[in-house]
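Student: Generate coordinates for the sequence data below:
(one chain, ligands or ions: 1)
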Amino acid sequence: MKHVTLIGVIIMAMSVLGSCEYNYEEETLEMGNTECELAVSYASTIRPLIDNNCMPCHNGDGKEPFAPDLRTYNSVMGIAGLIKEVTQSRRMPKEGSLSNEEINAIKCWVDQGALNN
Ligand code: HEC
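Tutor: Reported below is the predicted structural model:
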């Protein structure tokens, strides 16, 4: 009986800790969400970010047939909303990660109209 209780306490503690961590992350992103006053540049911020984090898979070479080609501005702009969504949810980059600042830069760039700026 004692063992069962102890395990129960550990599981509870783990889920509480886990949810705190999750909330913290969401809050950080939310705080960042208000900071879109500065224009985010495609050429100097978004393009290098994609080149560094997405190109191994999104380079249109056919090895990842379901990974949309992200080599050109037009291809990125065409699915800008989806790119925002998968980076906000941290589904992408697969096998990697972006900083909160980078995720926020993408969000702001998309919200500002996904300009070729
Ligand atoms: C290690 C390989 C890899 C990396 C790195 C990667 N992706 Fe992907 N991505 C994929 C694959 C494979 C798919 C298609 C299957 C899927 O949706 O999981 C995909 C799908 C997508 C989709 C389409 C999702 C949908 O619902 O149709 C978007 C948008 C995307 N990736 C954006 C990005 C961005 C932006 C980056 C960089 C920040 C990135 N990915 C980095 C492999 C990768």
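
Student: mind checking how far Q88 is from the ligand?
Tutor: Applying CB to the nearest ligand atom, to the nearest Å, the value for Q88 to the ligand is 11 Å. For the C-beta atoms, the positions are set from N, CA and C on the backbone; glycine is no exception.

Student: Alongside the ligand, which residues does the protein contribute?
Tutor: Selection of the chain residues close to the ligand by CB under 6 Å from any ligand atom yields 50, 53-54, 56-58, 64, 66-68, 79, 82-83, 86-87, 92-96, 98.

Student: Is there a quick PyMOL command that grabs whichever of these are buried?
Tutor: Only the buried members of those end up in this PyMOL selection, burial being decided by 16 or more other CB atoms under 10 Å:
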select buried, resi 50+53+54+57+58+67+83+87+92+93+98
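
Student: Among the residues of the chain next to the ligand, which lie within helices?
Tutor: I50, N53, L82, I83, V86, T87 (DSSP state H).
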